[in-house]
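# With the sequence up front, the predicted model follows.
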Amino acid sequence: QVQLMESGGGSVQAGGSLTLSCAASGTIFSINAMGWYRQAPGKQRELVATVTSSGSITSADSMKGRFTISKVNTKKTVYLRMNSLKPEDTAVYLCWFKVRTSIAAIPYEYWGQGTQVTVSA
């Protein structure tokens, strides 16, 4: 089993910054990719940014230049630095890992419980 522990959410005024972190623990053989999604009230879950084990990044166009994803492999941790936050960035941010739990296992996706980010005007 794999557990994801998120931290760093909170409330901030528009233009402010926050850094989210998510650490994976448990039975992990290898990590294929990790990243962040978000879901605002009444809206579908959307990609924020993901990074593969080799460092390839995929991110949403609306957040490029403001949000930066990074990782520390040895800590099994992914970070999301969010700058120039806007009220429309208000959402629950969910951590995501794609993990193999053994050499014979296929990659499986795991989700964190989510951390609230609220940006006021």
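Yep, it's here. Keep in mind that what you see is a predicted model, and the values were worked out from it rather than measured. Numbers count the residues shown, from 1 in each chain.

# can you map out the strands along the chain?
Listed in chain order, the strands of the chain (DSSP state E) span 2-7, 10-13, 18-26, 30-39, 46-52, 57-59, 67-72, 77-82, 91-100, 108-111, 115-120.

# Report the mean per-residue pLDDT for the third one.
Taken as a whole, strand 18-26 carries a mean pLDDT of 98.

# Name the nearest residue to the residue positioned nearest the centre of the chain, ignoring sequence neighbours.
Among the residues of the chain, residue 36 comes closest to the average C-alpha position under CA atoms, centre = their mean, at 2.4 Å. Take residue 36 and drop its neighbours on the chain: the residue closest to it by CB to CB, 6 or more residues apart in numbering is residue 48, 4.1 Å away. Bear in mind the C-beta positions are built from the backbone N, C-alpha and C, glycine included.

# Residue 96 against residue 48, yeah?
No - contact criterion CB atoms under 8 Å: residue 96 and residue 48 do not qualify, at 9.4 Å.

# Which one of those two is surrounded by more residues?
Set side by side, residue 96 and residue 48 show more neighbours around residue 48, with 24 against 20, by other CB atoms under 10 Å.

# distance of the more buried one from residue 121?
Taking CB to CB, to the nearest Å as the measure, residue 48 falls 21 Å from residue 121.

# Residue 56 too?
Distance, residue 56 to residue 121, using CB to CB: 35 Å.

# so what's residue 81 closest to, chain neighbours aside?
residue 68 (4.4 Å).

# again, but for residue 70
Leaving aside its sequence neighbours, residue 70 sits nearest to residue 79 (CB to CB, 6+ apart; 4.8 Å).

# Can you name the residues bridging to that neighbour?
Residue 79 has these beta-bridge partners by DSSP bridges: residue 21, residue 70.
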